[in-house]
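Chemist: Pasting the sequence and the predicted model now:
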Amino acid sequence: MDFPDPLKTIDAVMHDGAVVRIRQHGDPGGPRLALSHGNGLAIDGYLPFWEPLCGHYEVIVFDFRNHGQNPTHLLEHHVWPNFIRDSQVIFETIQREFGVKRTAGVFHSLSAVTAAAFSQQAGPRWDPLVLFDPPVYPPEDHPLVRNQLGDKDDLANRAARRTQRFKTPTDLARQFAVRLAGWVPEAYELMARATLRRDPDVGDWVLACPREYEAQVFRGNRNPATWNAMGRIPVAVKLICADPNVEGQVPAQLCAALAAATPSLEYAMLPGSTHFLQIERPAECARLMQDFLAAQGFFTI
């Protein structure tokens with residue numbers, strides 16, 4: 001499975017000089033979706049989820065700073081406040097370069113938490129919002145706070161120990177296949193290729209998002225302000241989440257608790273799925289997303 005060529009590519013420059021490459025796919029005349037990814041990943045690795053949407057939607061994809069196709073910028077600037085600040089530049093660039101249009105935000109994990117915080121601070125931008133399994137940090141007195149602290153610290157420690165270099169993307173794909181057995185078969189190689197870049201000086205492949213950057217993001221996810229304001233997001237929001245009863249799915253536990261505490265949020269859970277539900281069961285995730293979008297004025301496939 002090959003990555004499709006975009007219709008148009010724009011390199012957006014953030015306030016501090018970081019570059020985010022925004023790509024347009026699909027039908028420019030269709031309803032617009034903007035998609036991004038989780039920490040340490042890259043949106044091209046979600047191709048089994050978003051490529052089938054391209055026949056009916058305008059699909060805008062982008063990687064977060066220092067991920068995927070973007071050049072590496074400063075580690076000290078790789079922080080949550082900058083992700084939120086980047087969102088405004090990215091949104092404005094999409095509207096300017098691809099035309100002003102209502103744009104649904106379809107985001108996973110890191111990008112989902114960022115989109116929620118951005119919408120709380122900036123007002124209606126992505127409209128509506130589809131958030132896949134966002135690990136929103138709970139209030140410090142919440143029963144799940146200990147679970148979240150342990151999970152994010154464990155993820156940070158594992159990220160800091162990741163292998164940085166590979167002879168080929170297939171070597172990383174094999175690692176994914178061992179650790180993440182539920183993905184659709186083609187996703188392992190796709191995500192490996194999307195999250196690595198070739199080092200021309202050495203001839204091998206290196207993580208596009210260096211491991212210390214990935215670890216820093218996990219450690220920095222400790223702000224309950226986003227949780228506390230979820231009911232005040234000024235657009236319709238759908239949480240599509242993993243199964244909280246599957247062992248180790250702390251983000252799914254957080255999502256279930258967040259939905260129970262915030263009646264304005266729509267919530268769906270995919271039984272038996274994990275945090276990577278979009279690349280485990282892409283068609284089911286797409287259908288849940290499209291049913292919600294249809295209710296918000298977007299047509300379905």
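Modeler: Structure's in. What do you need?
Chemist: quick one: the strands in the stretch 101-250 of the chain?
Modeler: 103-108, 129-132, 165-166, 196-198, 205-207, 237-241 (DSSP state E, counting those that start in this stretch).
Chemist: Using neighbour counts, pick out the buried residues of stretch 142-159.
Modeler: The neighbour-count check on stretch 142-159 (16 or more other CB atoms under 10 Å) flags H142, L144, V145, N147, Q148, L149, D151, K152, L155, A156, A159 as buried. C-beta here means a position set from N, CA and C on the backbone, and glycine is covered the same way.
Chemist: Let me see the residues that make contact with that stretch.
Modeler: 39-40, 135, 137-139, 211, 214-216, 218-219, 221-222, 250-251, 253-254, 257 (CB atoms under 8 Å, 6 or more residues apart in numbering).
Chemist: Next, report how far it is displaced from the centre of its chain.
Modeler: 19 Å (CA atoms, centre = their mean, to the nearest Å).
Chemist: what about it, average pLDDT?
Modeler: Averaging pLDDT along stretch 142-159 gives 95.
Chemist: now stretch 281-297
Modeler: Stretch 281-297 comes out at a mean pLDDT of 97.
Chemist: ok, back up a step: and the contacts of stretch 142-159, which are buried?
Modeler: 39-40, 135, 137-138, 211, 214-216, 218, 221, 250-251, 253-254, 257.
Chemist: Residue ranges in the protein under the pLDDT threshold?
Modeler: Residue ranges of the chain with pLDDT under 70: 299-301.
Chemist: Mind doing that once more with 90?
Modeler: 1-2, 202-203, 298-301 (pLDDT under 90).
Chemist: just so I have it, where are all the helices in the stretch 151-300 of the chain?
Modeler: 169-179, 187-195, 211-220, 225-228, 250-261, 277-280, 282-295 (DSSP state H, counting those that start in this stretch).
Chemist: other SSEs contacting the first one?
Modeler: Right, helix 169-179. Helix 169-179 is packed against helix 187-195, with contacts defined by 3 or more CB pairs under 8 Å, 6 or more residues apart in numbering; DSSP states H and E.
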